[in-house]
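Colleague: below are the sequence and a predicted model for it; my questions follow.
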Amino acid sequence: MRDVEDLKNAERTLSRVLDQGNLHLELVLNGVNKTFAGRCEQGDFYLRLSPERLHSSVELKREAKILTCITDHEQIAAKPFMDPQHAGTAFVWDGAPYFGIATTVAPGDPYDNSVGQLRPFGRALGKLHAIPITGKVERVDSAPHLAASGKLVEAISLVQGAIFQWSNRGEPTSSGKTSIRHGDAWPGNGRFGESRVTLFDFEHTSIGDPVADVANVAWWLTGLQQPAEIKSQLWNAFLEGYEETQDGERADMSSLPYHVLSVELRSLLFLRDFIKLSLEVEKSVIAGTQHLVGVWRNRAVPESGFLQDGW
């Protein structure tokens, strides 16, 4: 019954903020974030509620600002629904504080696991990175790597050690370029139409090194249960599409291992802080981390980023 009351309260809050009298929400994803499919007289949308301890109101306002900047230049992203000023509105769910952002529905179909869709996905991410950064959005530096403690301590310590060793050897940790970053780039956060890919779920968007986004794709591929040959085909198709949009200005990819390890650390910290893991799942996560660190900790990546094996 509490969920029903919380849902009605969320509808009333968003209806008031958007000035929409006939607004309805349906909970479609009940995870750390709560995701709702919504509809009103102005159309369909998605509402994401993030717990206060994960994202602040200021962060959601910045997300809306970056999305507006993106869609002012390229139609490659789900944009804030109606007035972006609604982003960061306070909600309550199950007695806890949340902040919300509503976005338009990304047109197209989900990723179909084919090699053929990686090229247009790479093209969409490349277009995102090519958008000029204006004074409307500010750079957000990466959060410091937190000390390993509690569950997953073994995996977290392993990744932190690999990152330290990489940096301590003087290996590259930056491409020297700055762009709008998606923050969680992989094909599952895209919708595929006949003529374009629309990106969504910009929860972790920021301004920073574009190689961090490319590394997120490499991180996803590393854990994918596919033969190494298929992974190489997916990776190279992605990079070919990405290159098409860079006009000879593509970032140097040699810092890719550092960023892949950083993505893994971020994932582990999220699991530690927000997800209740069974012992069996924790063992599986640790095994995955050991594999990823083994792949990337000493890997030499050419400036082009193209890799033929070693997944």
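Modeller: Cool, the structure landed. Numbering: from 1, shown residues only.

Colleague: now do the same contact list for Ile101.
Modeller: 47-48, 60, 63-64, 80, 86-88 (CB atoms under 8 Å, 6 or more residues apart in numbering). Every C-beta, even on glycine, is put in place using the N, C-alpha and C of the backbone.

Colleague: on the three-state scheme, it is what?
Modeller: When classified by DSSP: H, G, I helix; E, B strand; the rest coil, Ile101 comes out as strand.

Colleague: beta partners for Ala77?
Modeller: Leu199 (DSSP bridges).

Colleague: quick check: closest non-adjacent residue to Gln165.
Modeller: Leaving aside its chain neighbours, Gln165 sits nearest to Arg297 (6.9 Å; criterion: CB to CB, 6 or more residues apart in numbering).

Colleague: let me redo that: Thr198
Modeller: Spatial nearest neighbour of Thr198, excluding adjacent residues (CB to CB, 6+ apart): Ala106 at 4.1 Å.

Colleague: the one you found: neighbour count?
Modeller: For Ala106, the count of nearby residues is 21 (other CB atoms under 10 Å).

Colleague: next, give phi and psi for the residue positioned nearest the centre of the chain.
Modeller: What sits nearest the mean C-alpha location of the chain, by CA atoms, centre = their mean, is Asp184, with 1.5 Å. Dihedral pair for Asp184: phi -150, psi 60, per degrees, to the nearest 10.

Colleague: what sits against it?
Modeller: With CB under 8 Å, 6+ apart as the criterion, the residues that contact Asp184 are 201, 203-204, 216.

Colleague: please repeat the previous calculation with a cut-off of 10 Å.
Modeller: With contacts defined as CB atoms under 10 Å, 6 or more residues apart in numbering, Asp184 is in contact with 199, 201-205, 213, 216, 220, 263, 266-267.

Colleague: just the residues you listed: which are in helices?
Modeller: Judged by DSSP state H, the contacts of Asp184 include 213, 216, 220, 263, 266-267 as members of helices.
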